[in-house]
Every structure is written in C-alpha cells, then in structure tokens.
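Student: have a look at this prediction, sequence included:
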Amino acid sequence: MNLLKEEAIATPVGITLDRFIKSKQSAVSNASGEFSQLLRDIALASKIVHREINRAGLSNILGMYGAENPHGEAQQRLDISAHIRFVRALRNGGEVAAVVSEEEEGLIYTGNHHGKYVVALDPLDGSSNIDVNVSIGTIFSIYKRVTPIGTPPGESDFLQGGRQQVCAGYVLYGSSTMLVYTTGEGVNGFTYDISLGEYFLSHPGMTIRPGGSVYSCNEGNLADFDERVQRYIMKCRERRMTARYIGSLVGDFHRNLIKGGIYLYPALPQAPSGKLRLLYECYPLAYVIEQAGGAATNCTDTILDLPISSIHQRSPLVIGSRELVEEVNQI
C-alpha cells in the first residue's frame, strides 16, 4: 500500500509515555529499569484517580470525609481515595521504600527496604474545588535514598533539599488529564487518551514565556499581604495584567506554565511561615518551573535552595516567569 495513503487512513497516534520512558532509559548507561517502573506506577495510580474523579458524582465519593489531615484541614473523600491509590501503586510497584503524603503525619513504610527511591506527594491538590467540578491535581517528588539499601528508610531520605530531586511533576485532572514531569533534562507533558488508556506525548520540551500577562493570587487576602507584595499587586493592576485565580495550585501553575505569568502565595498573619508545603508542593513545582526556564522563590530566596528540617514544613511561594518573579524579589 502507498505510504501516503496509509498516513491518510491511519494518522500516527504519537509517542506513549511508556515508550518515551524506555527511550530515555536506553540513553542512560547502567540503567536497570527501577526508576522507569516507578514512573509507570505513578502513571497507573493517576489513571485510577482520573477514573474516580470522573465518576465521583455517581459513586458517592464527593463531599467531606469527616476527618482532618495532619495540618488541620478538612479531608474530602477523594483526598483519601487518591492517597490510597498512589500509596498502593507505589507499594505494589516495589521500587519505593517509603512515601510521605500530605494526608498522613509520618512516613509511610512500603516494606520494600531494597527500594532505591522515596516519594513525597500531595495526592489531590485543590480539595476545596472537588465538589464544584474545577481542575484539581496531584503533585509528586522523587528522591534517591541516602539510607543504606536493605535497611528501613528514614526522614533523612526526604530532607535532602530541593536540588536533590531526581524527578518531579504533577498530574492535572481538568478538561483533559495531563501528566507533566522533569528529570532535570527539560519538561515534557503527556495527555491521557481515555479510549486507549494511554498517556501520549502532547507537550514536548515545555518552556514558560519570558514575560506573561497573568497574575494569580487570592486578592481577598490582599490587606494581609506584606507591604512589598501589596505594592507588586498594585503594579500588576496598573499594567492592566489579567487576574486569574482558581484556588487549585496545580491548575493555576499549569495555566501560567502554558501562557506565562506569576503565582503568589505569600506569608499571612495566620500563616507566618506560609501555607504551602515545601517538600511536596513547593520543591517539585520549583524544579519543574526552573527546568522550563522560570523561577520560584519564597519572596526572597530561591525555593530549591531553601533548607528543610521537617517533612511537613511550610513556605511562601512566588513562582512563574523569571522576570516577573525577580521583580517581586527586587521591590
């Protein structure tokens, strides 16, 4: 059959996540496949969470769970469901020795003491948006352990600092489901094809625009922001920048990554150390944005250079296009 006719009848569907992972693995000498399997486990869990989010209104898993997470925040049923799905997938995959989740106080031991990696995650970011059908997401961060292989993992495996991440990314559950990640060699995005049950490379080599016309923050808290951040917001208004705020960190971050812009969650009187968690929210998104050509700070210092002393440590976050973030630092 003529090749052109074949192309017209059956257009190529693209590169699957699995094939992409294998191609990257083959480029690394002595690669043994554990890390590739770990990424597949995360992808599998995200597919299950995607299904449960899309069926939530029909399967009675919307609404409050009736408990609080370790940070005093009300848990949604889907928070717990996503937490269970990701922890179970990582435990069954066999490559992860321990997990830190926003939904549990301490380390979650998988029993796989020979696993080379540990994973920190926010299983379902944007809980307040779950019941109103707005974009939500998962954020994850992967480290190579520093404790001896074969022994129980410890907190030191998670408190290595943002520069020691070997992989970080997020899953956005929106009008389509996307998995975006980096291993330190650029950022790539994959869109989930429901009919085939596969992620396909849809956004290769993602970069953020140098400028950007969008600013994202909860302006209802403007009076509580410090004077420096207030001045910056007023500058954004004077420039007629567009205000866009979903209240879902992954959704706001993804929009700004695609279109260019800045996201601000500064310290508040009721949260003087910031509200977002450094280990599994700020570090991973900072790693992604730096790989995409942007920047992330706590209003003063680079997020990835901040020291960490506890697994649920909090931090302010300013993240997005490099020029906009640097402008906040200079005010």
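Tutor: Cool, got the structure. Numbering: from 1, shown residues only.
Student: C-alpha only now, for contacts and for neighbours.
Tutor: Will do.
Student: ok so G14 is a helix residue?
Tutor: No - under the criterion used here (DSSP: H, G, I helix; E, B strand; the rest coil), G14 is coil, not part of a helix.
Student: point out where the protein drops to low pLDDT.
Tutor: 1-12, 26-32, 56-75 (pLDDT under 70).
Student: at 80 instead, please
Tutor: Residues of the chain meeting the criterion pLDDT under 80: 1-13, 25-33, 55-76, 127-133.
Student: can you tell me what sits against stretch 143-152?
Tutor: Contact with stretch 143-152 is made by 97, 113-119, 153-154, 156-158, 164-167, as judged by Cα atoms under 8 Å, 6 or more residues apart in numbering.
Student: quick one: buried residues of it?
Tutor: Using 16 or more other Cα atoms under 10 Å as the test for burial, stretch 143-152 gives Y143, K144, R145, V146, P152.
Student: again with stretch 285-300
Tutor: 285-299.
Student: so which of these belong to helices?
Tutor: Within the buried residues of stretch 285-300, residues falling in helices by DSSP state H are L285, A286, Y287, V288, I289, E290, Q291.
Student: now the buried residues of stretch 143-152 in JSON lines, please, with extra columns for secondary structure and distance to L17.
Tutor: Converted to JSON lines, these look like this (DSSP: H, G, I helix; E, B strand; the rest coil; distance: Cα to Cα, whole Å):
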{"residue": "Y143", "secondary structure": "strand", "distance to L17": "21"}
{"residue": "K144", "secondary structure": "strand", "distance to L17": "22"}
{"residue": "R145", "secondary structure": "coil", "distance to L17": "25"}
{"residue": "V146", "secondary structure": "coil", "distance to L17": "28"}
{"residue": "P152", "secondary structure": "coil", "distance to L17": "31"}
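Student: about what we covered before: and the buried residues of stretch 285-300, which is closest to Y192?
Tutor: In terms of Cα to Cα, no member of these lies closer to Y192 than V288, at 19.6 Å.
Student: not counting its neighbours along the chain, what's nearest that closest one?
Tutor: Leaving aside its chain neighbours, V288 sits nearest to T182 (6.1 Å; criterion: Cα to Cα, 6 or more residues apart in numbering).
Student: equivalent analysis for A120, please.
Tutor: Of all residues not flanking A120 in the chain, V100 sits nearest, at 4.6 Å (Cα to Cα, 6+ apart).
Student: contacting residues for that neighbour?
Tutor: G106, L107, I108, V119, A120, L121, I311.
Student: confirm that the first one sits in a strand.
Tutor: No - assessed by three-state DSSP, G106 does not belong to a strand; its assignment is coil.
Student: so the closest residue to it other than its chain neighbours is in which element?
Tutor: Closest residue to G106 apart from its sequence neighbours, by Cα to Cα, 6+ apart: V100 at 7.0 Å. Here V100 is covered by strand 96-101, with elements defined by DSSP states H and E.
Student: who touches the helix or strand just after that strand?
Tutor: Downstream of strand 96-101, the next assigned helix or strand under DSSP H and E is strand 108-109. With contact meaning Cα under 8 Å, 6+ apart, strand 108-109 is reached by A97, A98, V99, V100, S101, P153.
Student: next up, the contacts around the last one.
Tutor: Contact analysis of P153 by Cα under 8 Å, 6+ apart lists A97, A98, Y109, H113, R145, T147.
Student: export the residues you listed to a markdown table and tack on distance to L78?
Tutor: Formatted as a markdown table, these follow (distance: Cα to Cα, whole Å):
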| residue | distance to L78 |
| --- | --- |
| A97 | 25 |
| A98 | 22 |
| Y109 | 22 |
| H113 | 29 |
| R145 | 29 |
| T147 | 33 |
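Student: from the residues you listed, which is closest to G212?
Tutor: R145 (37.6 Å).
Student: one step back: select only the buried ones of the contacts of stretch 143-152 in PyMOL?
Tutor: The following PyMOL line selects those of those that are buried, judged by 16+ other Cα under 10 Å:
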select buried, resi 97+113+114+115+116+117+118+119+153+154+157+158+165+166+167
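Student: restricted to strands, list the contacts of stretch 143-152.
Tutor: The strands, defined by DSSP state E, take in A97, Y117, V118, V119, C167 from these.
Student: wait, the first one sits on L107?
Tutor: In other words, A97. No - using Cα atoms under 8 Å as the test, A97 is too far from L107 to be in contact (10.0 Å).
Student: give the contact list for C167.
Tutor: S141, I142, Y143, Y181, T182, T183, G184.
Student: tell me which two of those residues sit farthest apart.
Tutor: Largest separation among the contacts of C167 by Cα to Cα: Y143 and Y181, giving 13.9 Å.
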